[in-house]
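Trainee: Fold the following, please.
(4 chains)
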Protein chains: 2
Amino acid sequence: MSRRAERTIADLFFALGDDTRLSVVTRLRAGGALSATALSYGAKVSRQAIVKHLQVLEGAGLVTHERRGREVLYALDARRLEEARAFLDAISAGRDRAIARPRGLVEEPPPRPRGRR
Amino acid sequence: MSRRAERTIADLFFALGDDTRLSVVTRLRAGGALSATALSYGAKVSRQAIVKHLQVLEGAGLVTHERRGREVLYALDARRLEEARAFLDAISAGRDRAIARPRGLVEEPPPRPRGRR
DNA sequence: CCGACATGCAACAAATCGGTTGCACATTAC
DNA sequence: GTAATGTGCAACCGATTTGTTGCATGTCGG
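Mentor: Next up, the predicted model:
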């Protein structure tokens, strides 16, 4: 499931761009570390689906996990959320501050409108 | 192409969760209103792909478009970005909680797995 | 009018996503 | 030890995403 391991800003937003994952994030924020099984209670989808979502979130650096006996507890990593917030700060609140633009993005200068394609 | 018209927060993040779209957003932020064709210069994908991305962005309320003669100019709507930022503010804890939590992921003392459900 | 430019539309195609189910394995409670 | 409980793995599915190409239409400048 999206095994980029790149951890770009886009990956971060992608991870947040799903209702179920967003719900997981808010629940982890409110309830601390929880297991996939615990998170699946009250969710509209199965435990396995939650597990996959947690893997996406972890891949984006938004959560970490720790084995605790027979269960695995997932916790939110707020630092990554800060990064997302900082990015939005940079492009929404204006200010010509040098924004931390995601590495690898195509940011070519205005090319001459000459030529095809 | 995701014709929800719901404009939820998740839709917003989804729209931002793609390298090409994020690039479009930053370019619109820096360069003001641009046409799909102009945006396609320097992009890794075709004009049509850019058009589709612009439709996704518009569906999320992030951009608006205006016909200008034979071209269509797309512009960023910062208000929607503010919404995303506000959401992140709300869940990214900031506030009084110590964000500088070293490395510990679990906040709960002993697991104390008692009979659940 | 003509030609260049910009957009609009539609049909594809391939990859990814979000989800399920079934079952094996590990750990804990009793 | 045995039964619960929690996890891990893999196959499979349908829908959506992301991209392409080809062509038609609209608009502007000589």
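
Trainee: number of nearby residues for the residue nearest to residue A:35 when sequence neighbours are not counted?
Mentor: Across the structure, with C-beta to C-beta, 6 or more residues apart in numbering or on different chains as the measure, the residue nearest residue A:35 apart from its sequence neighbours is residue A:71 (4.5 Å). Where you see a C-beta, it was placed from the backbone N, CA and C, and this is true even at glycine. Counted by other C-beta atoms under 10 Å in any protein chain shown, the residues lying close to residue A:71 total 15.

Trainee: and the gap between residue A:71 and residue B:31?
Mentor: Residue A:71 sits 50 Å away from residue B:31, going by C-beta to C-beta, to the nearest Å.

Trainee: Point out the other helices and strands that the lengthiest helix in chain A packs with.
Mentor: Longest among the helix segments of chain A by residue count, using DSSP state H, is helix A:78-92. Contact analysis of helix A:78-92 by 3 or more C-beta pairs under 8 Å, 6 or more residues apart in numbering or on different chains; DSSP states H and E lists helix A:9-16, helix B:19-31, helix B:78-91 as its packing neighbours.

Trainee: Any idea how far the helix or strand bottoming out on mean pLDDT in chain A is from the middle of the chain?
Mentor: One helix or strand of chain A scores below all others by mean pLDDT, DSSP states H and E: helix A:78-92, with a mean of 91. Using C-alpha atoms, centre = their mean, to the nearest Å, the mean C-alpha position of helix A:78-92 is found 11 Å from that of the whole chain.

Trainee: Quick check on whichever residue of chain A sits closest to DNA strand C: phi, psi?
Mentor: Here the residue of chain A nearest DNA strand C is residue A:69; by C-beta to the nearest atom of the strand that distance is 2.6 Å. Listed backbone geometry of residue A:69 is phi 70, psi -120, with angles given as degrees, to the nearest 10.

Trainee: Count the neighbours of it for me.
Mentor: If you count neighbours by other C-beta under 10 Å, residue A:69 ends up with 9.

Trainee: what bits of chain A have low per-residue confidence?
Mentor: For chain A, the stretches flagged by pLDDT under 70 are A:1-6, A:93-117.

Trainee: Recalculate using a threshold of 90.
Mentor: A:1-7, A:30-32, A:42, A:90-117 (pLDDT under 90).

Trainee: returning to that earlier point: pull out the buried residues from the longest helix of chain A.
Mentor: The neighbour-count criterion (16 or more other C-beta atoms under 10 Å in any protein chain shown) identifies A:78, A:80-81, A:83-85, A:87-92 as the buried residues of helix A:78-92.

Trainee: ok, of these, which one's closest to residue A:65?
Mentor: For the buried residues of helix A:78-92, the closest approach to residue A:65 (C-beta to C-beta) belongs to residue A:80, at 14.1 Å.

Trainee: how much space between that closest one and residue A:43?
Mentor: As defined by C-beta to C-beta, residue A:80 lies at a distance of 22 Å from residue A:43.

Trainee: next one: residue A:74
Mentor: 13 Å.

Trainee: And for residue A:61?
Mentor: As defined by C-beta to C-beta, residue A:61 lies at a distance of 22 Å from residue A:43.
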